[in-house]
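Novice: 3D model of this:
(2 chains)
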Amino acid sequence: SQQGEEDPQALSIQEGENATMNCSYKTSINNLQWYRQNSGRGLVHLILIRSNEREKHSGRLRVTLDTSKKSSSLLITASRAADTASYFCATDVGGTASKLTFGTGTRLQVTL
Amino acid sequence: SQTIHQWPATLVQPVGSPLSLECTVEGTSNPNLYWYRQAAGRGLQLLFYSVGIGQISSEVPQNLSASRPQDRQFILSSKKLLLSDSGFYLCAWSRVYEKLFFGSGTQLSVL
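Specialist: Sure, this is the predicted structure:
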């Protein structure tokens, strides 16, 4: 079963607006990661937040983590048409390998 | 710098035919290696992972197998493909507890 579930499944905004995507998961985690996927391509890592962290920033990206609610959010500020992609959260419960469990993703469409 | 190569990009195979997808990593040693499958419009499902040569862990029972004959080479195989094996296959590598680096993927269509 999927550990992470993203919400919404699809999001359409205009360039310059902010986009917020949410992720919920079910079990305790070591870290949570967000990835981006352009259509028909591999995934690209965006940001990793560890279980003892509450917020992290990278450029126009802001990620929050609430382990008590088992949820995370990804905020993209001042969106651009090039941000159009699918965004996935992935949870790592620890162990000898980074066995990430991915959610079903949020499809973001940024229009001019 | 590290790079990951995955081929072929697309593959159309008849039901019952064999499969071999190859993935190689450059610029790092003893990486953790992974095979994921993505159904259309869905998230990724972990199929196999490997923490060393000859060490393969399977996450789901299926018609596929994986092998790691060399430190930076990971192969996904099947003796007889099923229609349900169609999907987008992604190879990835990582160091422990860190992010994954993905290949460009193979779109497999079994007809």
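Novice: Look up the residues forming beta bridges with the residue positioned nearest the centre of chain B.
Specialist: In chain B, the residue lying closest to the centroid (Cα atoms, centre = their mean) is residue B:35, at 3.2 Å. Beta-bridge partners for residue B:35, by DSSP bridges, are residue B:48, residue B:91.
Novice: Do I have it right that it meets residue B:74?
Specialist: Yes. Assessed by Cβ atoms under 8 Å, residue B:35 is found in contact with residue B:74 at 6.8 Å. C-betas here are computed from N, CA, C, even on glycine.
Novice: joint contacts of these two?
Specialist: B:23, B:66, B:91 (Cβ atoms under 8 Å, 6 or more residues apart in numbering or on different chains).
Novice: Which pLDDT value goes with the last one?
Specialist: We note a pLDDT of 97 for residue B:91 in this prediction.
Novice: Please name the residues that touch it.
Specialist: B:4, B:6, B:21, B:23, B:33-36, B:74, B:76, B:102-103.
Novice: Reformat those as a markdown table; add pLDDT and secondary structure.
Specialist: Shown next, in a markdown table, are those (pLDDT from 0 to 100; DSSP: H, G, I helix; E, B strand; the rest coil):
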| residue | pLDDT | secondary structure |
| --- | --- | --- |
| B:4 | 95 | strand |
| B:6 | 96 | strand |
| B:21 | 97 | strand |
| B:23 | 97 | strand |
| B:33 | 95 | strand |
| B:34 | 95 | strand |
| B:35 | 96 | strand |
| B:36 | 95 | strand |
| B:74 | 97 | strand |
| B:76 | 97 | strand |
| B:102 | 96 | strand |
| B:103 | 96 | coil |
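Novice: Identify, from the residues you listed, the entry nearest to residue A:47.
Specialist: residue B:102 (15.3 Å; Cβ to Cβ).
Novice: what about that closest one, neighbour count?
Specialist: Residues contacting residue B:102 under the criterion other Cβ atoms under 10 Å in any protein chain shown number 23.
Novice: still on that earlier bit, I'd like to know which of the contacts of residue B:91 are buried.
Specialist: Neighbour counting by 16 or more other Cβ atoms under 10 Å in any protein chain shown classes B:4, B:6, B:21, B:23, B:33-36, B:74, B:76, B:102-103 among these as buried.
Novice: Now for the residue of chain A found nearest chain B: which residues touch it?
Specialist: Nearest residue of chain A to chain B: residue A:42, at 3.7 Å (Cβ to the nearest Cβ). Contacts here follow Cβ under 8 Å, 6+ apart; on that basis residue A:42 touches B:6, B:90, B:92, B:102-105.
Novice: Going by distance to residue A:63, which of the shared contacts of residue B:35 and residue B:74 wins?
Specialist: Using Cβ to Cβ, the shared contacts of residue B:35 and residue B:74 come closest to residue A:63 at residue B:91, 25.7 Å.
Novice: Quickly run through the sheet partners of the helix or strand residue A:20 falls within, with directions.
Specialist: Using DSSP states H and E, residue A:20 maps to strand A:19-24. Partners of strand A:19-24 in the sheet, by DSSP bridges, are strand A:5-7 (antiparallel), strand A:71-76 (antiparallel).
Novice: With mean pLDDT added, can I get these in TSV?
Specialist: Shown next, in TSV, are the strands paired with strand A:19-24 (pLDDT from 0 to 100):
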stretch	mean pLDDT
strand A:5-7	85
strand A:71-76	98
